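Could you work out the structure for the sequence below:
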Amino acid sequence: MTLQFHSSSPPTSRHTGSELGGSLVGQAVSVAASGWPIQAICAPLLGAETAAVQETWRLASPCVHGASEGITWRRAGDILFGVIDLDEAQFAAMADRPPLQAASEEAYHRIFRLLDTQKLPHLWRIWNYMSDINAETHELERYRQFNIGRQNAFIAHHRSATGNMPAACALGLASGPLSIAFLAGAMPAVPIENPRQVSACDYPAEYGPRAPIFSRAALVHPPGQEILFISGTASIVGYRTIHPDDVAGQCREALGNIAAVVAEANRAARSRPFALDELVYRVYVRRAADFPVIRDTLASSVGGADVLYVQADICRADLLLEIEAMALHTLGQD
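Take a look at the predicted model:
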């Protein structure tokens, strides 16, 4: 029972029945009823030959699927993938909290209730998307509103704000709902931190009333496998943005952080060492005009690795790009 990751461009309508879940990334994408959870990431692709790319997690094992409080989910063995989209307008009448904060808190409450019901308590990887991430409403940046709601839910469900945190990203799109996809399992992930950076959970108050909740990377272990998930990584050293307004400098710094995380992961890995040129990358680019510089800067470090470029806003207004990555190993192979 091996977990597999596939990317198809253009998206395929052919299904094998082994699909656990995935994403559809591209401009003006919509997800038709498919019988399995798909996160729609409506954002332009840069440098791609097609308008959309479909990414799919597959597991050759009998699947159970369902819907729970707005979450579309599918489970095979002790691995579960789910997607929830919440319209902030549904929370506009809540006078005590901004709608995004309320939506974020409610989404995570629902996710934790599902994981408890399925007895799969451990989040491995989370993908968060929201509109206007850097806009200020209700006297607070929207990303910081999201962080308050997320941490409130973690606390309410007795999940520590430090320690065994999943890998994650949080990006801004031009429009659309709060969209959260997640991969979870029966066994806890092994969190990986970056010695070049302060843990996100320990960010000072100048970055918001509640800290983000994620580890810089996570190693997870489906049966016979080891997967490295690297969270959204940017040009941050310590906790401060480095190289403002210098896209090439930010790209090199982000790559330096990726390399540091990979080195730390290899200290804890049970499989052969992970390498930069084997990772599958998704690169979020704030300004489309910066794409050629970012592509050329990355190419010198990652060679022919699989890279998908997506135009999106980053969680800090002074960050010009963010890089996430992953790789799958089979245990016992040199």
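
where along the stretch 51-200 of the chain do the helices fall?
Using DSSP state H, counting those that start in this stretch, the helices of the stretch 51-200 of the chain run over 99-118, 142-156.

need those in a markdown table with mean pLDDT, distance to Ile314 and mean neighbour count, can you?
Every C-beta, even on glycine, is put in place using the N, C-alpha and C of the backbone. Formatted as a markdown table, the helices of the stretch 51-200 of the chain follow (pLDDT from 0 to 100; distance: least, Cβ to Cβ, whole Å; neighbours: other Cβ atoms under 10 Å):
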| stretch | mean pLDDT | distance to Ile314 | mean neighbour count |
| --- | --- | --- | --- |
| helix 99-118 | 98 | 17 | 21 |
| helix 142-156 | 96 | 9 | 22 |
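
Between those helices, which one is closest to Leu228.
Each of these has some distance to Leu228 by Cβ to Cβ; the shortest is helix 99-118, at 21.9 Å.

still on that earlier bit, save the helices of the stretch 51-200 of the chain as a markdown table, and put in distance to Ala248 too.
Output for those, formatted as a markdown table (distance: least, Cβ to Cβ, whole Å):
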| stretch | distance to Ala248 |
| --- | --- |
| helix 99-118 | 33 |
| helix 142-156 | 25 |
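
Sketch out the low-pLDDT regions of the protein for me.
Along the chain, the model assigns pLDDT under 70 to residues 1, 13-14, 32-34, 160-163, 334.

Need the residue closest to the centroid of it.
Nearest to the geometric centre of the chain sits Trp127, at 3.1 Å (Cα atoms, centre = their mean).

Spit out the contact partners of that residue.
The contact partners of Trp127, by Cβ atoms under 8 Å, 6 or more residues apart in numbering, come to Ser23, Gln39, Ala168, Cys169, Ser179, Ile180, Ala181, Phe182.

Go through the residues you listed and name the one nearest Tyr203.
Nearest to Tyr203 among the contacts of Trp127 is Ala168, at 14.2 Å by Cβ to Cβ.

tally of neighbours for the closest one?
When counting by other Cβ atoms under 10 Å, one arrives at 25 neighbours for Ala168.

repeat for Ser175
Neighbours around Ser175, by other Cβ under 10 Å: 7.

Setting the sequence-adjacent residues aside, check what's closest to it.
Leaving aside its sequence neighbours, Ser175 sits nearest to Ser131 (Cβ to Cβ, 6 or more residues apart in numbering; 5.0 Å).

what about that neighbour, distance to Leu100?
For Ser131, the distance to Leu100 (Cβ to Cβ, to the nearest Å) stands at 9 Å.

before we move on, what about Ala259?
Distance, Ala259 to Leu100, using Cβ to Cβ: 34 Å.

Arg316 now?
On the measure of Cβ to Cβ, Arg316 and Leu100 end up 17 Å apart.

how near is Ala153 to Cys315?
Distance, Ala153 to Cys315, by Cβ to Cβ: 18 Å.

just Val283 next, same as before
To Cys315, Val283 is 15 Å away according to Cβ to Cβ.

for Gln145, same thing?
Distance of Gln145 to Cys315, given as Cβ to Cβ: 12 Å.

from what I can see Tyr207 touches Thr241, true?
No. Checked against Cβ atoms under 8 Å, the pair Tyr207 and Thr241 is beyond contact range at 10.3 Å.

Looking at Val283 and Cys315, which one has more neighbours?
Neighbours per residue (other Cβ under 10 Å) separate Val283 from Cys315, with Cys315 holding more: 26 against 23.

so that one touches Arg144, yeah?
No. With contact defined as Cβ under 8 Å, Cys315 does not count as touching Arg144 (9.3 Å).

What number of residues are in the vicinity of the closest residue in space to Asp313 that isn't next to it in sequence?
Sequence neighbours aside, Gly172 is the residue nearest to Asp313 in space, at 3.2 Å (criterion: Cβ to Cβ, 6+ apart). Residues near Gly172, counting by other Cβ under 10 Å, number 23.

List the contacts of Gly172.
By Cβ under 8 Å, 6+ apart, the contact set of Gly172 is Tyr129, Met130, Ser131, Asp132, Ile133, Asn134, Arg142, Tyr143, Ala312, Asp313, Ile314, Cys315.

what do you get if the cut-off is 10 Å, keeping everything else the same?
Neighbour list for Gly172: 43, 128-135, 142-143, 146, 284, 286, 312-315, 317 [criterion: Cβ atoms under 10 Å, 6 or more residues apart in numbering].

who does it bridge with?
Applying DSSP bridges to Gly172 gives these bridge partners: Met130, Asp313.

Likewise for Val220?
Bridge pairing for Val220 - DSSP bridges - gives Ile227.

hang on, it packs against Ala265?
No. Counting by Cβ atoms under 10 Å, Val220 does not reach Ala265; the two are 11.3 Å apart.

between the two, which one's more packed in?
Neighbours per residue (other Cβ under 10 Å) separate Val220 from Ala265, with Val220 holding more: 25 against 22.

State the next helix or strand along the chain beyond the longest helix along the chain.
The residue-count maximum for a helix in the chain (DSSP state H) belongs to helix 247-268. Proceeding N to C from helix 247-268, the next assigned helix or strand is strand 280-285, under DSSP states H and E.
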